[in-house]
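> with the input below, show me the fold.
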Amino acid sequence: MSRQSSVTPYNSDKSKKEQVTNMFDGIARYYDLLNRVLTLGIDSIWRKNAIASLVEHQPKSLLDIATGTADMVIESEKQLDLDEIIGLDISKEMIAVGNKKLEKKGLDKKIKLIIGDSENLEFEDERFDAVTVSFGVRNFENLEKGLSEIFRVLKKDGRLMILEFSKPRLFPFKQLFNLYFKYVLPVIGRIKSKDPKAYKYLYESVQAFPDYDKLDKILQHVGFKETSWQAQTLGICTIYIGKK
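Here you go, the predicted structure:
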């Protein structure tokens, strides 16, 4: 039951992993601005809600996969009493932007950012109390391999939290959202980042991604239990939880 994603950012012979790396390296400087513009700032609320779902479990060590420019680890530091926070991303340019942000906030000693492959984690078994992924699992080349790696590095009873775009179901919001996502978003991306394909890929990857109950079943197949999901903002994105 291996799920290999066929949706890629560019029409290229390179692997999806290589293409995604190149895409994020290219848009890293504009990533935060585009996030605020494209989501009208609501993405910060989604992150707060996502991390809040972990508070009752009181994790002490946390790994954030596809950490990007470090927004998720910064939110984790605010809400959780953590002894160790590591953010991992495949894009060195995103990590560079994230490190600058941590330095400005005085968090560079508390939070560590590293370059790494989410599908081949260089950590020992049962290392972390919690693993988070925000807007990153869509970009896994092999979804189940990446989720299995997360399962491996989680401690027994550890929690996985995924925050990911999903497809709204409610009429007429579903239709309006699709129009915005498919046609308006790439235009804004072209103006700001000079890479419209990156935002065309965003729409296409969300359409192809197994959301809601489909992802819940994949999490269970990998080995997670007590899985659940909660849609945010009429289903624009969804928080998924799984326990090892």
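
> from now on I want contacts and neighbour counts done on CA atoms only, so please keep to that.
Noted.

> which secondary structure element of this protein has the lowest mean pLDDT?
In the chain, the helix or strand scored least confidently by mean pLDDT, DSSP states H and E is helix 185-193, which has a mean of 70.

> next structured bit after that one?
Of the helices and strands lying after helix 185-193 in sequence (DSSP states H and E), the nearest is helix 196-208.

> same for that following helix, what does it pack against?
Helices and strands touching helix 196-208, by 3 or more CA pairs under 8 Å, 6 or more residues apart in numbering; DSSP states H and E, are helix 185-193.

> redo that, cut-off 10 Å
Counting by 3 or more CA pairs under 10 Å, 6 or more residues apart in numbering; DSSP states H and E, the packing neighbours recorded for helix 196-208 are helix 16-27, strand 154-165, helix 185-193.

> what sits up against the first one?
Yep, that's helix 16-27 we're talking about. Around helix 16-27, the neighbours that count as contacts under CA atoms under 10 Å, 6 or more residues apart in numbering are 4-15, 30-31, 34, 68, 89-96, 117, 119, 139-142, 189, 192-195, 197-199, 201.

> just the helices in this structure please.
Secondary structure of the chain, counting by DSSP state H: helices at 16-27, 31-39, 43-52, 71-79, 92-105, 143-153, 173-179, 185-193, 196-208, 213-222.

> looking at these, which is nearest to residue 235?
When those are compared by CA to CA, helix 173-179 sits nearest residue 235, at 8.8 Å.

> rounded mean pLDDT for the closest one, please.
Mean per-residue pLDDT for helix 173-179: 89.

> low-confidence ranges, the protein, go.
Counting by pLDDT under 70, the chain has low-confidence residues at 1-5, 189, 192-194, 196.

> repeat that for 50
2 (pLDDT under 50).

> does residue 188 really touch residue 34, like I thought?
Yes: using CA atoms under 10 Å as the test, residue 188 is close enough to residue 34 to be in contact (8.1 Å).

> got the helices of the chain as TSV, with distance to residue 126 columns?
Output for the helices of the chain, formatted as TSV (distance: least, CA to CA, whole Å):
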stretch	distance to residue 126
helix 16-27	25
helix 31-39	32
helix 43-52	21
helix 71-79	20
helix 92-105	25
helix 143-153	4
helix 173-179	40
helix 185-193	39
helix 196-208	30
helix 213-222	15
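
> can you put the ones you listed in TSV and add distance to residue 85 and mean neighbour count?
What follows is the helices of the chain, written out as TSV (distance: least, CA to CA, whole Å; neighbours: other CA atoms under 10 Å):
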stretch	distance to residue 85	mean neighbour count
helix 16-27	22	19
helix 31-39	21	15
helix 43-52	13	18
helix 71-79	7	19
helix 92-105	12	18
helix 143-153	14	21
helix 173-179	34	13
helix 185-193	30	18
helix 196-208	28	19
helix 213-222	23	16
